[in-house]
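[1] Fold the stuff below for me.
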Amino acid sequence: MQETSIIVAGFGGQGVLFAGQLLAYTGMDNGLNVTWIPSYGPEMRGGTANCTVIISSEEIGAPLVAQPDIAIVLNQPSFEKYEPMVKPGGLMIVNSSIVTLESDREDIEIARIPANDIAAELGSAKMLNMAALGAMLAKRPLFDLDTLFTSLTDHLPARKTHLLDANYKVMQKGFEMAQAAAVPA
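    Predicted coordinates:
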């Protein structure tokens, strides 16, 4: 696996940091090198939050990313900030439930999925991060869904294990919707 850099961004409370952690855990659980760097505003919920994840089969030189291969943007401010930064040929997963802006970039692939709606329909609105991760894996299969789910099972706090089935359904629906949404780069 070549080095892949991913930025996950949104509001605090959208599971941004956990989504990044889950990607890092999945890489680690599968013998890959990873970095995970969280960043968030002073507010715990409602403020901005983002994290940078790098997954690689090789040693990772630096954990900082100027142009991510993949950006998962869960809100409008994150779209505005990261859309111009995605590397040409890269991928942007957009939460179309709340992001209404359109990109005029033709050099990246964009998958718009209604992450909030998927999560609310199949589990809890708080699972929108799992819909976004499923969508990302449909477009860039760094792992298969079952591998990601195994890591989720292994790393989800015990108090939330009753939510595993719903998380998997949300993840799977995000994957299916992104597969169906063929938007060429």
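[2] List the neighbouring strands of the lowest-mean-pLDDT helix or strand in the chain plus their orientation.
    Ranked by mean pLDDT, DSSP states H and E, the helix or strand of the chain with the weakest confidence is strand 33-40, at a mean of 92. Strand pairing for strand 33-40, using DSSP bridges, gives strand 48-56 (antiparallel).
[3] Find the nearest non-adjacent residue to residue 176, please.
    Using Cβ to Cβ, 6 or more residues apart in numbering and skipping the chain neighbours, the partner closest in space to residue 176 is residue 138 (7.4 Å). For every residue, glycine as well, the C-beta is placed using N, CA and C.
[4] oh sorry, the question was meant for residue 169
    Residue 169 sits nearest to residue 122 (Cβ to Cβ, 6+ apart), 4.6 Å away.
[5] Phi, psi for that neighbour please.
    Phi and psi for residue 122, reported as degrees, to the nearest 10, are phi -110, psi -10.
[6] Could you do residue 71 as well?
    Here is the backbone geometry of residue 71 (degrees, to the nearest 10): phi -120, psi 130.
[7] Tell me which residues touch residue 70, please.
    Taking Cβ atoms under 8 Å, 6 or more residues apart in numbering, we find residue 70 in contact with 4-7, 86, 90-93, 136, 140.
[8] Repeat that for residue 149.
    Here residue 149 is in contact with 167-168, 171 (Cβ under 8 Å, 6+ apart).
[9] One more pass at 7 Å, please.
    Shown in contact with residue 149 (Cβ atoms under 7 Å, 6 or more residues apart in numbering): 168, 171.
[10] now do residue 140
    70, 91.
[11] give me that answer again for 8 Å
    4, 69-70, 91.
[12] Kindly report the same for residue 120.
    Contacts of residue 120 (Cβ under 8 Å, 6+ apart): none.
[13] That one and residue 114, how far apart?
    Residue 120 sits 9 Å away from residue 114, going by Cβ to Cβ, to the nearest Å.
[14] Let me see the residues that make contact with the longest helix seen in the chain.
    The helix spanning the most residues in the chain, taking DSSP state H as the definition, is helix 164-180. With contacts defined as Cβ under 8 Å, 6+ apart, helix 164-180 is touched by 93, 111, 113-115, 118-119, 121-124, 127-128, 130-139, 145, 148-149, 152-153, 156.
[15] ok so, going back, run the chain-centre distance for the helix or strand harbouring the residue nearest to residue 176.
    Using DSSP states H and E, residue 138 sits within helix 128-139. Distance, stretch centre to chain centre, for helix 128-139: 6 Å (Cα atoms, centre = their mean, to the nearest Å).
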